[in-house]
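Participant: got a predicted structure here, sequence first:
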Amino acid sequence: IDSLRIYSTMLTSAQLTQIATTRTPIGNRFWSQWCFNNPRHFGYDSGVQAKDFAVVGGSPVLGYTNCPAETAAPGLVAYVLPGGTTREYASVDTFNFPSGGGFTVEGFIKVPSYSGSRYFFSYASPSNDNCLLVSAAIGTQNLNRWVHWAMNVGNAPAYTISHYINGRRVSLGPSTGWCGDQGGTLVLGQEQDSNNGGFSAGQAAPIWLDALRIHTDLLTPLQILLISSGGSPGTVFWNHWCFSDPQNIGRDTGIQRQDLQIVGGRLDTGYSACGSDAAVQDLGPVAYSLPGGTTTQYLAAPNFWFPPGSFTIEGFINVPAGNGGKWWFSYASSSGAAGTDNCLLQSSSVGTYGVWVHWAITVGPAPGYAITLYLNGTATTLPTSASRSWCGHQGGTLVLGQEQDSHGGGFDASQAPAIMIDTLRIHSTMLSAAQLGSIARTGVIPSTATLWDSWCFNNPRNFGHDAGTQARDFVVRGGRPVVGHTAGCGASGSASTPPPPPAALGLPGANTNQFATVAPYSFPPGSFTVEGFIKVAPGNADKYWFSYASGSNDNCILVKSTVVTYGVWVHFAMTVGPAPGYGMVYFINGTVSSAPSYSRAWCGGQGGTLVLGQEQDSHAGGFDATQAPNIVLDSLRVHPRVLSASELQGIARGGNPSGPLWSAWCFNNP
């Protein structure tokens with residue numbers, strides 16, 4: 001298969017003949033396009049649907065056409081919904097507007113025709129299906145032409161609505177105001193008679209959408225007029241849907257990062273240079289502000305892990321007066337042990353209010369995991385009821401701005417503080433009092449810092465972006481950006497952070513809950529090589545670090561952690577010969593060695609589970625802590641051929657592998 005494309009239209013016989021004779025596709029905009037020549041993602045779909053193939057087996061070979069790996073820039077694009085049907089629309093579930101009102105929704109639209117009561121913008125909450133509803137009755141003089149539509153939503157509690165067409169204030173028929181609810185469903189092209197449903201074909205307006213933006217501030221009539229006349233709408237938005245990203249037609253480049261789910265519709269020529277791929281820029285000092293007194297606004301990171309062993313959490317926060325004695329940092333584990341909803345709970349009592357404070361806690365080693373609190377670099381007594389130690393559980397949920405009375409929930413509005421968070425970082429080591437004092441004074445972290453997590457809240461395309469090695473982005477629920485405290489935090493992490501040193505994945509061993517896995521995984525058909533750099537701690541020989549289970553064979557490939565030399569980096573390799581024997585040869589630092597050998601041959605099974613750091617006694621399970629080694633993995637690669645001994649010796653001495661790679665895991669992409 002050299003290339004495969006799906007067009008959103010029926011091509012003519014002449015067009016198909018042209019493709020066949022020229023080996024060149026028609027146009028540059030596709031529903032799906034798979035070219036199989038992207039070396040970093042073999043099943044990549046560069047069409048608007050962006051539905052990548054999961055690649056299970058097979059191998060690359062010489063192709064036939066010069067299929068473009070990337071879709072060319074599509075120019076001006078609009079998303080078109082036909083109306084008169086319940087099956088075509090775009091939607092976002094669990095949607096939040098900027099808290100407290102005081103925001104603007106605007107963009108360029110075209111309504112081809114209008115009859116009866118039809119709607120193009122519908123927001124329904126669980127308790128109010130007409131929480132915010134906008135009619136397509138834009139006036140007969142404006143039909144079938146591009147117009148700029150804007151809607152101002154006033155501040156609480158009234159949330160007064162004003163509509164504008166081409167900069168002039170208008171009344172849009174049977175539209176409603178905003179009810180103030182959050183966490184509902186936004187639907188474009190349908191009217192909801194129930195939350196996320198109850199569509200009626202007779203109420204679905206035909207609509208062309210060129211751009212749709214939600215601003216975190218209330219635009220003035222003059223600002224709206226300037227945008228409608230071609231002026232810049234700005235660069236930072238709560239939501240920003242442009243419909244012109246060929247890899248994700250519903251992509252949201254705003255800070256809330258809530259992509260539209262596209263159901264039907266088509267693409268056509270648009271009106272404005274919406275700029276969905278506007279460059280990410282450092283916004284300067286930016287903080288994330290939570291209003292407190294509500295259960296619907298917070299930041300959450302589920303399935304969260306802290307660094308194994310000791311660590312430090314630190315950042316700059318600003319707690320308004322009257323908000324002490326509440327809980328701003330809550331980590332609850334999913335373990336069944338009693339009290340784990342308070343696995344790590346920290347108070348908003350910071351002593352000084354309405355000003356920026358550097359807040360930090362250090363967490364000591366096992367088994368005690370003792371906590372020390374620092375405010376502006378000075379060790380301080382922990383507030384009453386704040387956690388004195390971490391419970392040690394992993395895989396729970398971290399929430400900022402709420403206290404969890406149950407894992408991932410049980411919020412109480414009276415315990416939610418108003419707070420601004422400028423930066424928050426988790427270091428993989430315990431920082432000293434001197435280091436914390438330096439950060440508090442300068443905002444600059446040590447050049448040797450290893451950041452497990454780093455949230456800066458000033459990336460306009462991913463407001464909850466984690467630039468640390470764990471890369472655990474926050475799910476943003478409500479709140480809004482405000483002017484921050486520290487400059488230069490940067491969209492990709494702190495500007496004071498040097499380029500990261502070579503990173504590796506460390507697995508502590510002696511447990512069953514820390515490992516790396518891929519499922520389903522298939523090796524190259526026929527011969528192949530697995531190689532990379534590993535370091536095994538002393539006392540960890542005769543355990544198992546590489547386990548591949550397939551079907552009924554839990555030892556399809558099993559490799560021991562016996563590597564001859566311990567506590568230092570070694571280059572490991574194993575080659576797998578052709579069918580039917582699939583004989584295996586092991587190498588340590590380029591020299592044949594039987595030390596790691598357990599499996600003498602690959603069983604030939606595909607579509608199984610690969611686990612690093614554990615031995616599987618059953619497919620994808622049956623781990624045994626006594627068989628889990630303490631090991632560090634720097635890189636691991638799978639080649640779709642048998643590498644020679646001289647090639648392996650060259651890699652072991654620092655050379656680069658040649659030829660295509662079936663898999664390549666480097667563990668250093670933050």
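Facilitator: That came through fine.

Participant: partner strands of the helix or strand containing residue 330, with direction?
Facilitator: Using DSSP states H and E, residue 330 sits in strand 327-332. Applying DSSP bridges to the sheet, strand 327-332 is found paired with strand 344-347 (antiparallel), strand 396-400 (antiparallel).

Participant: now the first one: how far from the chain's centre is it?
Facilitator: Think strand 344-347. With CA atoms, centre = their mean, to the nearest Å as the basis, strand 344-347 stands 25 Å off its chain's centre.

Participant: CA-only coordinates of that strand in PDB, if you can.
Facilitator: Listed in PDB are the C-alpha atoms of strand 344-347, where the atom choice follows Å, rounded to 0.1, in the frame of the first residue of the first chain:
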ATOM      1  CA  LEU A 344      -1.100  14.800  50.400                       C
ATOM      2  CA  LEU A 345      -3.200  17.800  51.500                       C
ATOM      3  CA  GLN A 346      -1.900  21.400  51.800                       C
ATOM      4  CA  SER A 347      -3.500  24.500  53.200                       C
END
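
Participant: next structured bit after it?
Facilitator: Downstream of strand 344-347, the next assigned helix or strand under DSSP H and E is strand 356-363.

Participant: the inter-axis angle of that following strand versus strand 327-332?
Facilitator: Per axes from the mean of the first three to the mean of the last three CA atoms, to 10 degrees, the angle that strand 356-363 makes with strand 327-332 is 30 degrees.

Participant: right, and the helix or strand after strand 356-363?
Facilitator: The C-terminal neighbour of strand 356-363 among helices and strands, as given by DSSP H and E, is strand 371-375.

Participant: what lies in contact with that following strand?
Facilitator: 314, 344, 346, 350-351, 357-364, 379-382, 386-390, 433, 436, 440 (CB atoms under 8 Å, 6 or more residues apart in numbering). Any C-beta I mention is one placed from the backbone N, CA and C, and that applies to glycine too.

Participant: run me through the strand neighbours of that strand, direction for each.
Facilitator: The pairing partners recorded for strand 371-375 under DSSP bridges are strand 356-363 (antiparallel), strand 378-380 (antiparallel).

Participant: in this structure, which residue is closest to the centre?
Facilitator: In the chain, the centroid-proximal residue (CA atoms, centre = their mean) is residue 473; its distance is 5.5 Å.

Participant: just to check, that one is in contact with residue 463?
Facilitator: No. Judged on CB atoms under 8 Å, residue 473 makes no contact with residue 463 at a distance of 9.1 Å.

Participant: how about the secondary structure of the nearest residue to residue 567 once chain neighbours are set aside?
Facilitator: Take residue 567 and drop its neighbours on the chain: the residue closest to it by CB to CB, 6 or more residues apart in numbering is residue 538, 5.3 Å away. Assigned by DSSP: H, G, I helix; E, B strand; the rest coil, the conformation of residue 538 is coil.

Participant: hmm, residue 538 is touching residue 563, no?
Facilitator: No. With contacts counted by CB under 8 Å, residue 538 stays clear of residue 563, the gap being 11.0 Å.

Participant: in terms of neighbours, single out the busier of the two.
Facilitator: It is residue 563, of residue 538 and residue 563, that has more neighbours when counted by other CB atoms under 10 Å, with 25 against 9.

Participant: got the contact list for that one?
Facilitator: Contacts of residue 563 by CB under 8 Å, 6+ apart are 534, 536, 541, 570, 572, 588, 595, 596.

Participant: local confidence estimate at the residue nearest to the centre of the chain?
Facilitator: Here, the pLDDT recorded for residue 473 equals 90.
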